[in-house]
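Student: sequence plus predicted model, see below.
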Protein chains: 2
Amino acid sequence: MAITIHDVAKRAGVSPSTVSRVISGNSQISEKTTQNINKVMKEMNFYPNSQARNLAKGNSNNIALVIDANEKASFANMFFNSSVFGIEKIVQENNYNLLITNNNDSGAKKSSVMKLLFESKVDGLILPPSILTTKLIKEINTHKIPFVVLGESSEFGDQISYVDINNKVGSKLAVQHLKDRGYKHIAYLGGCDKEIFSENRILGYQETVGKESAHVYKCESNKEAGMKEALKMLTKKECDSVICNDNILAFCVIKAAKKMGINIPGDLGLVTFDNYPLAEYTDPELTAIVIDTYAQGEEAANFLFNSMKEHSTLKKTLLIPSIISRESTDRDKNNE
Amino acid sequence: MAITIHDVAKRAGVSPSTVSRVISGNSQISEKTTQNINKVMKEMNFYPNSQARNLAKGNSNNIALVIDANEKASFANMFFNSSVFGIEKIVQENNYNLLITNNNDSGAKKSSVMKLLFESKVDGLILPPSILTTKLIKEINTHKIPFVVLGESSEFGDQISYVDINNKVGSKLAVQHLKDRGYKHIAYLGGCDKEIFSENRILGYQETVGKESAHVYKCESNKEAGMKEALKMLTKKECDSVICNDNILAFCVIKAAKKMGINIPGDLGLVTFDNYPLAEYTDPELTAIVIDTYAQGEEAANFLFNSMKEHSTLKKTLLIPSIISRESTDRDKNNE
DNA sequence: TAAGTTTATGCAACCGGTTGCATAATTTAT
DNA sequence: ATAAATTATGCAACCGGTTGCATAAACTTA
């Protein structure tokens, strides 16, 4: 049914190998023959069958992006989101296919990632830190499949290559931004112990303001915890500004401040990590630490393709975030 | 290097065909032999090479989800997001792989979707309505690849199978919800002419409130247009409630109302289409028409797999949305 | 012009499975 | 016990490309 390399060969009066060599472009076929074969291929509208090609070449031409089924859908996804576009772009530039799969590691059966490995379905993997286990890393290495992690890992940091945001620098940017506008006492809201990115943000904050002037209000990222902790923070009146660990908490602060009659940015400066689309639609609009997940995806994919070409050593990449100034910190330095 | 079916056959003392038949499970191999082969496969940790399998079977074992590079990243992506999880779930249940690709139809070269078709890389396609063209549909049909569209299409509605939300019903739900709470004059904010989903929402709204009592404030979904139109609407004072075409516009209404000293829900009832994570963090929290994109993804994928098993006719599926009541409409019926 | 190089192409095996057909092994019927 | 029917398995071709090696053709060089 489908047109094969043999059909093309017959029509062009050459052998299949010659056609194959023209397709691959990596051999010394005479200019004349090449042009003729190209012409015939165009005429017959021929495209090589990728299954056959992969089998012969011994690769899959796929790389897989694994997502974590267990992550709470909402925000984790938004994140996953832009990075996938960056990844997809690089994958396409390399003439590869991008597979997406959930890691449903039930323990009982082989997880989907294991299956990808065993059935030789991928030449490379992009993983979230949350699914890493000693067993998984060992298995991937046994199969000699290069992989890269989208984010830092506290437990396995020394066994993996990863691309993450420099969260410490993010906090420094936030602190500096607030100080520049005359805010003196800066609090940090959010972050729980298990997330390494929160840890680093808090660390960066503490280092910048100085351990003694740090006021960290740890809390989970949901309505109840967020509101409670925001109100607590505002009631204490220790601080004239706050850095939020994410947009949800920033929204909570806005709400809490409103309830208590505290004006943002007049009485309270507010900087938040993350810049989701609605961050510029709030009242006041949110000054945000912007994380370029698209670039993160690109970076990870590029690294992966390099590792596939030539064995490379472990590499940790930290991208520098930026800050976008909006109403929530928009006051004169001397306004205080 | 890798273990093949031949290695297994040798060890088990049978022919490769027998092993193959055990793997496929679709033939009459004796119980004894089957068990033995299974044992050997487990011992050798054997998994069939998928490239070889696909080549022999003449399929790819892939379905592709195409995303539209041109859609504005933000909100389109959030949408894309949950549906991809639903799709991925069904794909995995069917032991298939999910490919994701951008449709970079530059016109010059073959677009990525065309490539997928020509290189036999997919057995099925899930497409966004925005990339449909006569040429593309024709090409897909020529290749006899089943496909389904994630959303309705005005131009090609009669040539495709699609899964969409019943937007008319969404509007009816919103209107009914507002009426139940004693709101009398309901406006509709947002929607531009090119989007069929907006059209249907407005249509459903008009049909429910009656053509003569309809007040549609069309506008684009961005800060400038949204604020301007929201202020205009509130200034006119025609209505005591509004249905917003999306969360961005709802945020604009909240901001505009605050500026004008209008209380939500007291003076103005507010229902919005879409329920993005931050919709419950606003002040007031947003009553929202919830669109289950996860289910939409599942539905589309299920339909696709059915079409792959047996040729099926075109099918239009409309999922019923639901409404989640929050503060922005939370007043007594007699409060007015 | 013959010998030596270089370049262009074909042959055939191979990648690792699947499957139609033939045959061997086993069971059932007579 | 033998023929007939049924079940289990193997053989070999095939899916559609790729590639090492051999050889033919074209080009140098002496």
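Tutor: Thanks, I have it.
Student: for the closest residue to residue A:110 other than its chain neighbours, what are its contacts?
Tutor: With sequence-adjacent residues excluded and distances taken as C-beta to C-beta, 6 or more residues apart in numbering or on different chains, residue A:110 is closest to residue A:118, at 6.9 Å. In this view, the C-beta of every residue, glycine as well, is placed from N, C-alpha and C. Residues in contact with residue A:118 (C-beta atoms under 8 Å, 6 or more residues apart in numbering or on different chains) are A:110, A:143, B:45, B:47.
Student: which of these are close to DNA strand C?
Tutor: Contacts with DNA strand C are made by none of the contacts of residue A:118, judged by C-beta under 7 Å from any atom of the strand.
Student: give me the buried entries from the residues you listed.
Tutor: Neighbour-count burial (16 or more other C-beta atoms under 10 Å in any protein chain shown) is assigned, among the contacts of residue A:118, to A:143, B:47.
Student: so which of the contacts of residue A:118 would you say is closest to residue A:246?
Tutor: residue A:110 (34.5 Å; C-beta to C-beta).
Student: quick one on the thing from earlier: closest to DNA strand C out of the contacts of residue A:118?
Tutor: Proximity of these to DNA strand C (C-beta to the nearest atom of the strand) peaks at residue B:47, which lies at 7.3 Å.
Student: check what pLDDT the closest one gets.
Tutor: Here, the pLDDT recorded for residue B:47 equals 95.
Student: re earlier: of the contacts of residue A:118, which pair is most distant in space?
Tutor: Farthest pair in the contacts of residue A:118, by C-beta to C-beta: A:110 and A:143, 12.9 Å.
Student: quick one: the residue in the stretch 101-250 of chain A that chain B sits nearest to and residue B:207, what's the gap?
Tutor: At 3.8 Å from chain B, residue A:118 is the closest residue in the stretch 101-250 of chain A, using C-beta to the nearest C-beta. Between residue A:118 and residue B:207 the computed distance is 55 Å (C-beta to C-beta, to the nearest Å).
Student: same check on residue A:280?
Tutor: As for residue A:280, its distance to residue B:207 is 34 Å (criterion: C-beta to C-beta).
Student: repeat for residue A:111
Tutor: From residue A:111 to residue B:207 the distance is 49 Å (C-beta to C-beta).
Student: just residue A:125 next, same as before
Tutor: 51 Å.
Student: for chain A, what spans make up the strands?
Tutor: A:62-67, A:97-102, A:124-127, A:147-149, A:162-165, A:186-189, A:215-217, A:241-244, A:269-273, A:287-290, A:316-319, A:322-324 (DSSP state E).
Student: just those: most buried one?
Tutor: Highest mean neighbour count of the strands of chain A: strand A:241-244, a mean of 30 (counted as mean count of other C-beta atoms under 10 Å in any protein chain shown).
Student: quick check, that strand touching chain B?
Tutor: No: remark: strand A:241-244 sits outside contact range of chain B, by C-beta under 8 Å from any C-beta of the partner chain, the gap being at least 11.8 Å.
Student: give me the domain ranges for chain A.
Tutor: Domain assignment for chain A, taken from automatic domain parsing, gives A:5-48, A:62-165+A:294-320, A:167-291+A:323-335.
Student: right, and the strands of chain A - which one's nearest residue B:60?
Tutor: Among those, strand A:97-102 comes nearest to residue B:60, with 9.9 Å by C-beta to C-beta.
Student: got the CA positions of the closest one in CSV?
Tutor: Output in CSV follows, covering the C-alpha atoms of strand A:97-102 (Å, rounded to 0.1, in the frame of the first residue of the first chain):
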residue,chain,number,x,y,z
ASN,A,97,9.2,13.0,18.8
LEU,A,98,8.1,14.0,22.2
LEU,A,99,6.3,11.4,24.3
ILE,A,100,4.4,12.4,27.3
THR,A,101,3.6,9.9,30.0
ASN,A,102,2.4,9.9,33.6
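Student: give me the residues contacting it.
Tutor: Contacts to strand A:97-102, defined as C-beta under 8 Å, 6+ apart, come from residues A:61-69, A:84, A:87-88, A:91-92, A:112-113, A:116, A:121-122, B:62, B:65, B:84-85, B:88-89, B:92, B:97-101, B:121.
Student: could you give the separation of it from the chain centroid?
Tutor: 15 Å (C-alpha atoms, centre = their mean, to the nearest Å).
Student: tell me the angle it makes with strand B:62-67.
Tutor: Counting by axes from the mean of the first three to the mean of the last three C-alpha atoms, to 10 degrees, strand A:97-102 lies at 90 degrees to strand B:62-67.
Student: count the residues that sit near residue A:262.
Tutor: Residue A:262 has 16 neighbouring residues, counting by other C-beta atoms under 10 Å in any protein chain shown.
Student: and the helices in chain A, which stretches?
Tutor: In chain A, the helices defined using DSSP state H lie at A:5-12, A:16-24, A:31-44, A:50-57, A:73-93, A:112-118, A:134-142, A:167-180, A:196-209, A:223-236, A:247-259, A:293-309.
Student: go through the ones you listed and pick out the most buried.
Tutor: Comparing these by mean count of other C-beta under 10 Å gives helix A:247-259 as most buried, with a mean of 24.
Student: what residues does it touch?
Tutor: With C-beta under 8 Å, 6+ apart, helix A:247-259 has contacts from A:75, A:189-190, A:219, A:221-223, A:226-227, A:229-231, A:233-234, A:242, A:244, A:263-264, A:267-268, A:270, A:272-276, A:278-279, A:282-284, A:286, A:288, A:328, B:277-278, B:281-283.
Student: that helix to helix B:247-260, inter-axis angle?
Tutor: 20 degrees.
Student: tell me the contacts of residue A:239?
Tutor: Counted by C-beta under 8 Å, 6+ apart, residue A:239 has contacts A:185-187, A:215, A:233, A:268.
Student: try 7 Å this time
Tutor: By C-beta atoms under 7 Å, 6 or more residues apart in numbering or on different chains, the contact set of residue A:239 is A:185-187, A:215.
Student: residue A:17: which of these is nearest?
Tutor: residue A:186 (69.6 Å).
Student: residue contacts, that closest one?
Tutor: A:175, A:178, A:209, A:239, A:241-243.
Student: near DNA strand C, which residues of chain A?
Tutor: Contact residues (C-beta under 7 Å from any atom of the strand) of chain A with DNA strand C: A:13-18, A:21, A:27-34, A:52, A:55-56, A:58.
Student: give the lowest-confidence helix or strand of chain A, using mean pLDDT as the measure.
Tutor: helix A:73-93 (a mean of 74; mean pLDDT, DSSP states H and E).
Student: if we can go back for a sec, just the contacts of residue A:118 now: which is nearest residue A:322?
Tutor: Closest to residue A:322, out of all of these and judged by C-beta to C-beta, is residue A:143, at 38.0 Å.
Student: that closest one is in contact with residue A:117, isn't it?
Tutor: Yes: using C-beta atoms under 7 Å, residue A:143 is in contact with residue A:117, at 4.7 Å.
Student: residue ranges with poor pLDDT in chain A?
Tutor: Chain A contains residues with pLDDT under 70 at A:1, A:69-81, A:106-109, A:333-336.
Student: who in it is up against DNA strand D?
Tutor: A:1-6, A:16-17, A:20-21, A:23-24, A:26, A:46, A:48-49, A:51-53, A:55-57.
Student: switch to 6 Å and redo it
Tutor: Residues of chain A lying close to DNA strand D (C-beta under 6 Å from any atom of the strand) are A:2, A:4-5, A:16-17, A:20-21, A:23-24, A:48-49, A:52-53, A:55-57.
Student: so which of those residues is the closest to residue B:157?
Tutor: Distances from residue B:157 to those, taken by C-beta to C-beta, are shortest for residue A:2, at 30.9 Å.
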